[in-house]
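Peer 1: what's the 3D shape of this:
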Amino acid sequence: METNSEYKLVPGLGSSFSTGWRVMMDNFLRLFLVIIVLAIVTAPFKMLNFNFDLSDLHRGIWNDGPEGLENLFRLGTLGIFAAFFGLLAMLYAFMIAPVFEYGGNMIFVQAVRKSKPDFEYLVKGFMENYLHIILANLLVFALVVLGCFALLIPGIIIGCRLAFVSYIVMDKKLDPIEAVELSWKMTRGHGWKIFFMGFVSIFIVIFGLLMVIVGIFPAIIWISSSFAALYESVLRQREVTYEQPVAESIL
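Peer 2: Predicted coordinates:
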């Protein structure tokens, strides 16, 4: 294992996956624990799934007599419960889950930096920069959704260019607007790499699922480590390279 020297960080597709693999092998148990925690955190989404079978309404709600009124009352009750659980799921998705996800991303960055992963980052966001995390997540979500409404492609472009927001918020402690602006600047010229990394990641996940399902965990660790490696390599390149004014491309 590579423990004494730093990883060779180059902002490229192949080099990011190569570094991500070495990071995974050097920190497998710690990063595996992070993935397990994040999987548990997302479990409430599945528990809040609400299935409704119309066959439960026997003869329909429009029948005359007590049976029709009973079915109508049942339908109304189920609708209220569905709306309530849907609201809970939405609040959880936007107010709690991002804190764990952003913290998990920062732990992967620590692993890339050869630092011992600090598990406190999983909950540190609740105590330090909670508002920045929530607002940044909402802003990125809104921008990507608006982009997707514009014939999908702009949404993909925005998603690629804002891929570093979660790292920046946790690493640099910037507010949502500053984090979005910095991510846009940092990913200039790297958008296609991020896009193809996301595309390749789909096949890595599929291969992991085919490996008796348990392979999904190494697959996710490898992908997360690779994106953290790309962020760190671009960040270091930005810090050591004199930036000359250039025409900004979309990707």
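
Peer 1: which stretches of the stretch 151-251 of the chain form strands?
Peer 2: Counting by DSSP state E, counting those that start in this stretch, the stretch 151-251 of the chain forms no strands at all.

Peer 1: Can you pull the poorly scored residue ranges out of this structure?
Peer 2: Within the chain, the segments meeting pLDDT under 70 span 1-4, 43-76, 78, 241-251.

Peer 1: ok now do the residue sitting nearest the centre point of the chain, which residues does it touch?
Peer 2: When CA atoms, centre = their mean is applied to the chain, the residue found nearest the centroid is E101 (6.2 Å). For E101, the contacting residues are 38, 41, 166, by CB atoms under 8 Å, 6 or more residues apart in numbering. Backbone N, C-alpha and C define where each C-beta goes, glycine included.

Peer 1: buried set for stretch 188-198?
Peer 2: Within stretch 188-198, the residues scored as buried using 16 or more other CB atoms under 10 Å are 188, 190-191, 193-195, 197.

Peer 1: Which member of the residues you listed is positioned nearest Y130?
Peer 2: The shortest gap between Y130 and any of the buried residues of stretch 188-198 belongs to I194, at 26.8 Å (CB to CB).

Peer 1: Quick check, that closest one in contact with L230.
Peer 2: Yes. Using CB atoms under 8 Å, I194 is in contact with L230, at 7.2 Å.

Peer 1: Can you get me a residue count around M127?
Peer 2: The burial metric for M127, expressed as a neighbour count using other CB atoms under 10 Å, is 9.

Peer 1: Isn't F196 up against G14?
Peer 2: No. Contact status for F196 versus G14: not in contact, 10.1 Å apart, counting by CB under 8 Å.

Peer 1: picking up where we left off before, make JSON lines from the buried residues of stretch 188-198 and add distance to F28 to it.
Peer 2: Converted to JSON lines, these look like this (distance: CB to CB, whole Å):
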{"residue": "R188", "distance to F28": "33"}
{"residue": "H190", "distance to F28": "27"}
{"residue": "G191", "distance to F28": "30"}
{"residue": "K193", "distance to F28": "25"}
{"residue": "I194", "distance to F28": "25"}
{"residue": "F195", "distance to F28": "28"}
{"residue": "M197", "distance to F28": "21"}
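
Peer 1: Pull the most distant pair out of these.
Peer 2: Across the buried residues of stretch 188-198, no pair lies farther apart than R188 and M197, at 16.2 Å, counting by CB to CB.

Peer 1: can you tell me which helix or strand L143 belongs to?
Peer 2: helix 130-149 (DSSP states H and E).

Peer 1: Which elements pack onto that helix?
Peer 2: Contact partners of helix 130-149 among helices and strands, from 3 or more CB pairs under 8 Å, 6 or more residues apart in numbering; DSSP states H and E: helix 66-95, helix 97-112, helix 153-161, helix 165-172, helix 176-186.

Peer 1: Adding distance to W222 as columns, could you present those in TSV?
Peer 2: Formatted as TSV, the entries for the helices and strands packed on helix 130-149 read as follows, by distance: least, CB to CB, whole Å:
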stretch	distance to W222
helix 66-95	25
helix 97-112	11
helix 153-161	20
helix 165-172	17
helix 176-186	22
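
Peer 1: Of all those helices, which one is nearest V10?
Peer 2: Using CB to CB as the measure, helix 97-112 is the one of the helices and strands packed on helix 130-149 that comes nearest V10, at 12.5 Å.

Peer 1: Buried residues, the next helix or strand after the closest one. List them.
Peer 2: Reading on from helix 97-112 to the C-terminus, the next helix or strand found by DSSP H and E is helix 121-127. By neighbour count with 16+ other CB under 10 Å, helix 121-127 contains the buried residues 121-122, 124-125.
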